[in-house]
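K.L.:
turn this into a model:
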Amino acid sequence: MFRAIPLRINRLWFAVASAAAATLLFGGVASAHVTVSPGASAPGAWQTYTIKVPVEKDIPTVKVALKIPDGVEFKQYRPIPDWDVELTKNDAGAVTAVTWSAEDGGIGPGEFQQFDFVAKNPDKAAEVAWDAFQYYSDGSVVEWTGGEGADYPHSLTVISAEARGAANADAGHGHDSNAGSASGAPEGAGTGASGDGANGAGNANAGKAGAQSGSTNADAAAANSAAAQNSGTSGLETATLVVSIAALLVSLAALWLTLRSKRKPA
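P.N.:
Numbers count the residues shown, from 1 in each chain. Predicted coordinates:
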């Protein structure tokens, strides 16, 4: 005879622990979302954005499509070796979507890829949502279009005056006469060049130094913002992995107790 009650309890405990371990393990994988950074930027700024695409399946990601939110003006993208880029435009010639397609292999399991592009933010405070579509080699598509709390949420960027210092403006876009101000340069930078003699030259140099300092500060702020976001994501994934491993160990211990109780006589 076996001890029926303890055996049932052990089996129940084993089932619960196993379910918890599976949930946590798969939850850890699901936390690796497609994201667009930075999460905050200034109104009217020309911002360098980065879309990060991790692979959550055991097959490669071969294509990624990103919708450009209303009010955001897409300008340029950074070319990536072995990836083709297609721009979808509306009747007015504005870019409404960007699609990156792999020429060979794509993003493999356990890997991620980043794609950079430059866009001009809306002129007023807003919250822009980045809808993304991740295509796998088997033809399946993961739509990162949900709101907060969804299984597949889209990434958000808050456009506000408070984030002005974090704007990573591109001085080389060549389409905005106020680019110096967006990158932190003081108004009227370099106007001393039209002055007389040493005073004019001194003002010009001061204006140039101010522009360089402002641009450096803006780039540093953007780097800090991106680092903080990446650090938060990495910390969450690490914590999830630790808890998952702990739950798996508990499941193995419960299995051992179950097998041991079967061999114990009444």
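
K.L.:
how close does Val128 sit to Gly71?
P.N.:
Separation of Val128 from Gly71 (CB to CB, to the nearest Å): 7 Å. For glycine as for every other residue, the C-beta is placed from the backbone atoms N, C-alpha and C.

K.L.:
neighbour count winner among those two?
P.N.:
Val128 (20 against 13; other CB atoms under 10 Å).

K.L.:
wait, is the more buried one part of a helix?
P.N.:
No - read with DSSP: H, G, I helix; E, B strand; the rest coil, Val128 is strand and lies in no helix.

K.L.:
can you report phi and psi for the residue nearest to it when sequence neighbours are not counted?
P.N.:
Distances taken as CB to CB, 6 or more residues apart in numbering place Pro69 nearest to Val128, at 4.0 Å, with adjacent residues excluded. Main-chain dihedrals, Pro69, degrees, to the nearest 10: phi -60, psi 150.

K.L.:
so what touches stretch 150-160?
P.N.:
30, 33-43, 49, 51, 121-122, 124-132, 142-147 (CB atoms under 8 Å, 6 or more residues apart in numbering).

K.L.:
switch the cut-off to 6 Å
P.N.:
Residues from elsewhere that reach stretch 150-160, judged by CB atoms under 6 Å, 6 or more residues apart in numbering: 35-36, 39-41, 43, 121-122, 125-131, 142, 144-146.

K.L.:
ends of it, how far apart?
P.N.:
One end of stretch 150-160 to the other measures 25 Å (CA to CA, to the nearest Å).

K.L.:
numbering from 99 from now on, please.
P.N.:
Okay, using 99 as the starting number, the last item reads as stretch 248-258.

K.L.:
measure stretch 199-213 end to end?
P.N.:
11 Å.

K.L.:
go through it and flag the buried ones.
P.N.:
Ala200, Gly204, Ile205, Gln211, Phe213 (16 or more other CB atoms under 10 Å).
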